[in-house]
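S.K.: Pasting the sequence and the predicted coordinates here, then a few questions.
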Amino acid sequence: MSLNSNEKRSPRQTILIADDSEMNRSILTDMLGDEYEIIEAENGVEAVSILQKYGNAISLLLLDIVMPQMDGFGVLTVMNQHRWIEDIPVIVISSESASTHVERAYELGVTEFISRPFDALILHRRVVNTILLYAKQKRLIDLVADQIYEKEQQSGLMVDILSHIVEFRNGESGQHVLHIRTLTELLLRYLSNKDETCQLSRSEIALICTASALHDIGKISIPGEILNKPGRLTKEEFDTMKTHTLVGAEMLKALPMHQEHPLVKTAYEICRWHHERYDGRGYPDGLKGDEIPISAQVVALADVYDALTSERVYKKAFPHDVAVNMILNGECGQFNPLLMECLKEMGGILEEELHSDSRARTNQRQIQNIAEEMLRHEELSASERTLQLLEHERMKYSFFADMSEEIQFEYTTNPSMVTLSSYGAKKLGLEEILMEPHQDKRIQEMLGEGTLKTLSEQLRNTTPENPQVKVDHEILINGERRWMRTIGRAMWSADEPPKYMGAIGKTTDIHDERTRIDALVQMASHDSLTGLFNHNYAKQRIKDKLEKRPGATFALAIFDLDYFKQANDNYGHMFGDKVLIHTADQLRRSIRGEDIPARVGGDEFLIFLEYKDEGETAIRRIFNSLEGTYEDFQISISMGVARTTIVGTDYDELFHAADQALYAVKRAGRGEYAFYNNTMKEMLSVISPIDGSEER
Amino acid sequence: MTLKECYMALGGDYDEVLARLRSEKMVQKFVLKFLNDKSYELLETSMETKNYEEAFRAAHTIKGVCQNLSFTKLYESSSRLTENLRSGYGEKTDSLVSQVAEDYKQTITAIKELQGENPV
């Protein structure tokens, strides 16, 4: 490589200096800062996170060995795990000159080991040489990568041209091949996710899609009059037309080379069998069911769908829904039922992808843009351009992250590390980079072990197709518990099967919103005067209990205050309210946690409880605790009780029976309680409208 | 006091450092900067709190910086202390620490005198 190309080296290269001594870092910065961008890290953890963030934008790492938190060997180990060591050269500068250290460093892949005290000139020369060497190597790699990229583009182009020639004769728009490819890809991807037995790798799908472009090459042998005949084909003409499958297959079979290439084999399957049908009534071989390769089955379906939805010399285009219905009704022959399900479930996706803006065309446009860009900046190879784009994205991201009041985080499993947005770190009082977050006491305390476990389990249980989770949880910040909502997205690798790599996400404060909702729930379920449940809500809870434990013995008691009207009349309504509040407090005190107390309305209350033996003891205890005086007013109550053993477990019947028992008490002179029995069946009730209005 | 005289006063090797770092200006800059280096304070506090792992790292840093600047005397005592602390606290540790303290004081005194004549 000539000197010339070095001069062209566009932006300055970046050196990362990792050393815990500020003095040491600044001596090195002084020596190298004129020629290179310098980033400093004061310990191993920071160095790793910078490497993680900048990746190959770092041209060289100058590494100290003895450092707090993570030493130089730790950094090298991480670099090996991630294979960063293959792209980023490392020079160790250390006063540890023991041969075991030097040996270990070289084994971990460092380029140079320089002992202190170092000679400024020699160090400088070694830095420059190492960077040049790696840059050269990287340029060569990029060159090869760019060429492979170009070659793939070209072969894709060749396939496109070839298939377009066929269509050209056919008088079709040239869109058909692109459509088939898009449809085939969509169907195959959907099928792969839907059914485990049909799982295909990305490269298998790509192969079938490329080969799909060749499905009609046999048409090159069909006379133009038949191909482009506007009216219906005669039987003879149709028989000729049918031969395009066999002709295409034979053309491929006759290829003098590449017979074993997967692309040729797949194209052969597709050419020959893309007019077969699942019930064996297709052509040319009349294959049945899964005798037809899946590649041909999918292309056949795509072909039919596109033919229906496009305009042809002999027909108009059908809309998506009509086309799908025609296929589902078997008007174009039978297809694999599994594929039919895919077609049904995918709904509008097919239409959108095809017509919004042909994906294939978009891709072509993108490639064109990249190519133009590359021409304008000759010195930029595609991969350098990618780096620039990444840098741009990173700036954008960090800007928006700082603007929003969200705790944003990024978690990687290997190394086990959390990076927080600077707002997030400040809000939580943590550093921006945390190693081993699961072990971190402060995080455990803040989130609680349960939440941490839930989050991590939920993320790990996602899939690459559906990687998002939402968890509401409490968090302890500055001694205050607040409700937060964490939305996370798991990151899965592109491997088969995919590996869990970590997650990104954000945590927002939903405390105020949640408190407001809690208050609304409280309002909707409670009586505002006494704070007891209201009748409606109590009824709901009681019904739930009755349903959940039909074997248990429950009692429903209704009571009201005797002569309450007089209290209101003599002392005023304010006083009346106070009596009610007092009674509610007494009631609360006399029952157990699982019992349900409620205010039915006016001076009527309700208690629902589970009892043992006859229930007499519990009821008497409650009854006694309610009687007493409030200021000058003598509180006397009447209570009717209905038991599930007698009345059954229907809420309305229980309520009615308790009401009747209450009426019996009233009639017998008040100030007592009574259990409902069948003799009371014909009694009037207190609460129902025909009420004997003695008190009201 | 010249830079060379300062080196003599603190027991360093002026010729050697100049040969390595190649510029008198740069040497002087970092010699003065040594006054702001926190490693010695870290050594003291970590000895007090008996955090010997941290003390080891602090001694190690002093050693490295002294090596860079050819502060031979302080380099030698901090180097001995580093090796001693590598295997944790031992019976000789305390006397090695006081040797480092003495040499550090001598170094600082000399540099301050140099600084007095070369205000930044």
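M.R.: Received the coordinates, thanks.
S.K.: roughly how far apart are B:Arg57 and A:Ser94?
M.R.: 13 Å (Cβ to Cβ, to the nearest Å). (Each C-beta comes from the backbone N, C-alpha and C, glycine too.)
S.K.: Now list whatever residues contact both of those two.
M.R.: Taking Cβ atoms under 8 Å, 6 or more residues apart in numbering or on different chains as the criterion, B:Arg57 and A:Ser94 both touch A:Val66.
S.K.: what residue ranges in the stretch 151-300 of chain A score low on pLDDT?
M.R.: A:151-155, A:160, A:163-164, A:166-174 (pLDDT under 70).
S.K.: from it, which residue is nearest to chain B?
M.R.: A:Arg202 (48.2 Å; Cβ to the nearest Cβ).
S.K.: May I have the beta-bridge partners of the closest residue to chain B within the stretch 351-500 of chain A?
M.R.: Nearest to chain B, among the residues of the stretch 351-500 of chain A, is A:Met435, at 17.2 Å (Cβ to the nearest Cβ). Beta-bridge pairing of A:Met435 under DSSP bridges involves A:Met417.
S.K.: That one against A:Thr412, yeah?
M.R.: No - A:Met435 is beyond contact range of A:Thr412, at 10.5 Å (criterion: Cβ atoms under 8 Å).
S.K.: I'd like to know which elements the strand ranked longest in chain A is packed against.
M.R.: If you go by DSSP state E, chain A has its longest strand at strand A:480-492. Under the contact definition 3 or more Cβ pairs under 8 Å, 6 or more residues apart in numbering or on different chains; DSSP states H and E, strand A:480-492 sits against helix A:449-460, strand A:468-477, strand A:500-509, helix A:511-525.
S.K.: Can you pull the residues of chain B lying near chain A?
M.R.: Proximity of chain B to chain A is confined to B:16, B:19-23, B:26, B:29-30, B:33-34, B:37-39, B:54, B:56-57, B:60-61, B:63-65, B:67-68, B:70 under the rule Cβ under 8 Å from any Cβ of the partner chain.
S.K.: So, low pLDDT: which residues of the chain?
M.R.: Defaulting to chain A. Scanning chain A with the threshold set as pLDDT under 70 gives A:1-11, A:145, A:148-149, A:151-155, A:160, A:163-164, A:166-174, A:313-314, A:355-398, A:683-696.
S.K.: meant chain B, my bad for not saying
M.R.: Within chain B, the ranges that satisfy pLDDT under 70 run B:118-120.
S.K.: what's the offset of the longest helix along it from the middle of its chain?
M.R.: Counting by DSSP state H, the longest helix found in chain B is helix B:93-117. Offset of helix B:93-117 from its chain centre (Cα atoms, centre = their mean, to the nearest Å): 7 Å.
S.K.: Over to stretch A:535-546?
M.R.: Distance of stretch A:535-546 from the chain centroid (Cα atoms, centre = their mean) equals 37 Å.
S.K.: just stretch A:501-512 next, same as before
M.R.: The answer for stretch A:501-512 is 12 Å, by Cα atoms, centre = their mean.
S.K.: contacts for it?
M.R.: So stretch A:501-512 is contacted by A:405-414, A:424, A:459, A:472, A:475, A:482-493 (Cβ under 8 Å, 6+ apart).
S.K.: Filter these down to just the buried residues.
M.R.: Among those, the ones that count as buried by 16 or more other Cβ atoms under 10 Å in any protein chain shown are A:406-412, A:424, A:459, A:475, A:482-486, A:488, A:490-492.
S.K.: From B:Ala55, how far off is the closest residue to B:Tyr52 other than its chain neighbours?
M.R.: Closest residue to B:Tyr52 in three dimensions, ignoring its sequence neighbours and counting by Cβ to Cβ, 6 or more residues apart in numbering or on different chains: B:Tyr89, at 4.9 Å. The gap separating B:Tyr89 from B:Ala55 is 8 Å, by Cβ to Cβ.
S.K.: Ok, A:Tyr611 next?
M.R.: Note on A:Tyr611: its distance to B:Ala55, by Cβ to Cβ, is 71 Å.
S.K.: quick one, which of the two is more surrounded?
M.R.: The neighbour count for A:Tyr611 versus B:Ala55, taken as other Cβ atoms under 10 Å in any protein chain shown, is higher for B:Ala55 (25 against 19).
S.K.: Could you look up the next helix or strand downstream of the strand or helix carrying the more buried one?
M.R.: Here B:Ala55 is covered by helix B:52-69, with elements defined by DSSP states H and E. Next in sequence after helix B:52-69, counting helices and strands by DSSP H and E, comes helix B:72-86.
S.K.: Give me the domain ranges for chain A.
M.R.: Taking automatic domain parsing as the reference, chain A has its domains at A:3-144, A:171-356, A:404-516, A:526-680.
S.K.: just so I know, which of those domains lies nearest A:Gly156?
M.R.: Of all the domains of chain A, it is domain A:171-356 that lies closest to A:Gly156, at 7.1 Å by Cβ to Cβ.
S.K.: returning to that earlier point: relative to helix B:72-86, how tilted is the helix holding B:Ala55?
M.R.: Angle, helix B:52-69 to helix B:72-86, by axes from the mean of the first three to the mean of the last three Cα atoms, to 10 degrees: 150 degrees.
S.K.: So for helix B:52-69, what gets flagged as buried?
M.R.: Residues B:52, B:54-69 are the ones in helix B:52-69 that count as buried (16+ other Cβ under 10 Å).
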